[in-house]
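A.B. asks: Let's see this in three dimensions:
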Amino acid sequence: MSKLGLSMVLLTGLVLMYDIYGLGLRPVSAKEETALSFQSGWASWYGVEQQGMLTATGEKFDRHKLTAASRKLPFNARVRVTNRENGRAVVVRINDRGPYVKNRVLDLSEAAANALDMKKMGVTPVKIEVLELPPPPAAPGSTLP
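C.D. replies: The predicted model follows:
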């Protein structure tokens, strides 16, 4: 294979790797940005039954930490969750996947549910604001400065 042919194969592989890992550059529409930064819906909570079990990130669930499960938000994103019924708010880190119940957007840790004063109700309407997204993953084989 010629040097040019080999270079094209390597370049094509690199482009595919960027695409697979979501590192390719693409414009983000205003609709996507709004959908990511603000959401509302119903939140539930979980605690004692899951204490010490592994979350989707591989860390042990701790009901005393301010964490949450989301089906769509990236792991380690920090979001402000506001109880729409009483105005109380808390900042949580996304470290799990869920909830697996229809019409719910978040499963909150027991500590977060306490902060929002929603434990007795079990579920409550919430507003979610993304405060911080995790950095994108490094490209395979790259080194950080």
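A.B. asks: which stretches of the protein form strands?
C.D. replies: For the chain, the strands identified by DSSP state E occupy 38-46, 67-69, 78-83, 89-96, 104-109, 123-132, in order along the chain.
A.B. asks: Just name the most buried of the ones you listed.
C.D. replies: Highest mean neighbour count of the strands of the chain: strand 67-69, a mean of 25 (counted as mean count of other CB atoms under 10 Å). For glycine as for every other residue, the C-beta is placed from the backbone atoms N, C-alpha and C.
A.B. asks: doesn't F61 make contact with M53?
C.D. replies: Yes. Counting by CB atoms under 8 Å, M53 touches F61, with 5.2 Å between them.
A.B. asks: Model confidence for the closest residue to L108 other than its chain neighbours, exactly?
C.D. replies: Nearest residue to L108 in three dimensions, chain neighbours excluded: W45, at 4.5 Å (CB to CB, 6 or more residues apart in numbering). Looking at W45, its pLDDT reads 95.
A.B. asks: can you tell me how far the nearest residue to S70 once chain neighbours are set aside sits from F61?
C.D. replies: Leaving out its chain neighbours, the residue that sits closest to S70 by CB to CB, 6+ apart is I94, at 5.0 Å. Distance, I94 to F61, by CB to CB, to the nearest Å: 13 Å.
A.B. asks: what do you get for T55?
C.D. replies: 5 Å.
A.B. asks: Pull up the overlap in contacts between these two.
C.D. replies: Contact criterion CB atoms under 8 Å, 6 or more residues apart in numbering; residues shared by T55 and F61: T67, D96.
A.B. asks: Who has more neighbours out of those two?
C.D. replies: Remark: of T55 and F61, F61 carries more neighbours, 22 against 18, as counted by other CB atoms under 10 Å.
A.B. asks: where exactly do the helices run in the protein?
C.D. replies: Ranges of helices in the chain, per DSSP state H, are 3-20, 30-37, 110-115.
A.B. asks: Serialize the strands of the chain to TSV and add fields for distance to A115.
C.D. replies: Shown next, in TSV, are the strands of the chain (distance: least, CB to CB, whole Å):
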stretch	distance to A115
strand 38-46	10
strand 67-69	11
strand 78-83	9
strand 89-96	4
strand 104-109	9
strand 123-132	12
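A.B. asks: This completes my enquiry, with thanks.
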